[in-house]
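J.: Pasting a predicted model and its sequence here:
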Amino acid sequence: MNDERLRVLTWHVHGSYLWYLSHVPHDLYLPTRPDRTDGYAGRAGTFPWPDNVIEVPVEDVADLDVDVVVFQSSRHWLEDQHEVLSPAQRRGARIYVEHDPPRASPTDTAHPVDDPEVLVVHVTPFNRLMWDNGSVSTVVVDHGVALPADDIRWTGELERGLVVVNHLGRRGRRLGVDVFEEVRRQVPLDLVGMGSEELGGLGEIKPPGLPAFAARYRFLFNPIRWTSLGLAVCEAMMAGVPVVGLATTEMATAVENGVSGYVDTDVDKLVGRMHTLLADHALAARLSDGARRAAQRRFSIDRFAADWDGVLRRAAAGSDPSRRDRLSRLSPGS
């Protein structure tokens, strides 16, 4: 692997994703503003940010010598790049990370990036399938996660299910608030996440502590109809937590029925599966082993960092022909 470190400009949009992205062997520069809002939070949160994550005041961004700019939201792509970046940065290597499936129409929504010089990185194959990407080049970099401690393992002593969704009450049917309420009337569930108190939940569990917290529950229930594959699901599986959820979006491939958990589009069937898991710890333990093995195969942080390393080097080399012989152009299959 090439040893040259790249200088990458990106924004703090999804804290957990940024934390895992920081595992790449490159330097990440994060623009900041005094109010720390709308992607300008820098090294905020409870993550143990490594030294390669560097804050830069937004007014100094245009003077940075960067190799690649990585956008992570439509606002930064459509608006902020024209206000924050220099003309040279806007002409250089640019990548757009698409974290979600389309909202307006699941099949006929054109992706906001229509520049053939920009590579769109989808975080799941489902997202790439559903967006109309036009003529823009795309690649999938599947999620990668790491547990904060090697000894975090599922125990399942709590005869309850855990739901992890931020602001579920205000995000409505798309995130499955009605499914959650329906299931909660029949199955003992605890809800955690920002704003979860609005629905009688337990509040936010800071991300570094979430896998250990989840490991005590018999299973994780994901009520979400339409969004990307949540990192909380990947982290729970890495800790060996069986997952029960709707067989929609990438969840249909992340969880294998009877091996790592259960997925279905029939909520009544899922409720039955949950009751079985609550009554049969041995069955849950077998699914726990399957969940952990599946996560180790698919969501390895080493694979994630290597994939991103290849994507970044490919983009940097493509934008500067003089560097092509010095930079690796490895990338996941596109």
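T.: Now that the structure is in, tell me what you want to look at. Residues are numbered from 1 along each chain as shown.
J.: excluding its backbone neighbours, what's nearest residue 163?
T.: Here the nearest residue to residue 163 in space, its sequence neighbours aside, is residue 191; by Cβ to Cβ, 6 or more residues apart in numbering that works out to 4.7 Å. Where you see a C-beta, it was placed from the backbone N, CA and C, and this is true even at glycine.
J.: how close does the one you found get to residue 218?
T.: Note on residue 191: its distance to residue 218, by Cβ to Cβ, to the nearest Å, is 15 Å.
J.: Surely the residue nearest to residue 163 and residue 199 touch.
T.: Yes - in this structure residue 191 lies within contact range of residue 199 using Cβ atoms under 8 Å: 5.8 Å.
J.: Residues that sit against both of the two, list them.
T.: With Cβ atoms under 8 Å, 6 or more residues apart in numbering applied, the overlap between the contact sets of residue 191 and residue 199 consists of 168, 180.
J.: neighbour count winner among the two?
T.: Set residue 191 next to residue 199 and count neighbours by other Cβ atoms under 10 Å: residue 191 wins out with 25 against 18.
J.: Can you say which helix or strand has that one in it?
T.: Secondary structure from DSSP states H and E places residue 191 in strand 189-192.
J.: So which elements touch that strand?
T.: Of the remaining helices and strands, those touching strand 189-192 by 3 or more Cβ pairs under 8 Å, 6 or more residues apart in numbering; DSSP states H and E are strand 158-164, helix 177-184.
J.: okay if I get these as CSV plus distance to residue 97, mean neighbour count and mean pLDDT?
T.: Output for those, formatted as CSV (distance: least, Cβ to Cβ, whole Å; neighbours: other Cβ atoms under 10 Å; pLDDT from 0 to 100):
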stretch, distance to residue 97, mean neighbour count, mean pLDDT
strand 158-164, 22, 21, 98
helix 177-184, 27, 18, 98
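J.: Compare these and give me the one nearest residue 17.
T.: Distances from residue 17 to each of these were compared by Cβ to Cβ, and the smallest falls on strand 158-164, at 15.2 Å.
J.: Please enumerate residues in contact with that closest one?
T.: With Cβ under 8 Å, 6+ apart as the criterion, strand 158-164 contacts 180, 187-193, 205, 210, 213-214, 216-223, 230, 232, 236, 241, 244, 274, 278.
J.: Buried among the residues you listed? Need that as a selection in ChimeraX.
T.: Here is the ChimeraX command that selects only those of those that count as buried (16 or more other Cβ atoms under 10 Å):
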select :180,187,189,190,191,192,193,205,210,213,214,217,218,219,220,221,222,223,230,232,236,241,244,274,278
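J.: Let's see which of the contacts of strand 158-164 end up in helices.
T.: In helices, judged by DSSP state H, the following of the contacts of strand 158-164 are found: 180, 210, 213-214, 232, 236, 274, 278.
J.: Of all pairs in those residues, which one is the farthest apart?
T.: Checking the ones in helices among the contacts of strand 158-164 with Cβ to Cβ, the most distant pair is 210 and 278, at 21.4 Å.
J.: and residue 308, what does it touch?
T.: Residues counted as contacts of residue 308 (Cβ under 8 Å, 6+ apart) are 21, 24, 141.
J.: Would you agree the second one is in contact with residue 307?
T.: This points to residue 24. No - using Cβ under 8 Å, residue 24 is not in contact with residue 307, being 9.4 Å away.
J.: Residue 241 is in contact with residue 154, correct?
T.: Yes - with contacts counted by Cβ under 8 Å, residue 154 reaches residue 241, the gap being 5.1 Å.
J.: of the contacts of residue 308, closest to residue 90?
T.: Within those, proximity to residue 90 (Cβ to Cβ) peaks at residue 21, which comes in at 21.6 Å.
J.: got a pLDDT number for the closest one?
T.: Per-residue pLDDT puts residue 21 at 98.
J.: In contact with it, which residues?
T.: Residue 21 makes contact with 10, 28, 308, according to Cβ under 8 Å, 6+ apart.
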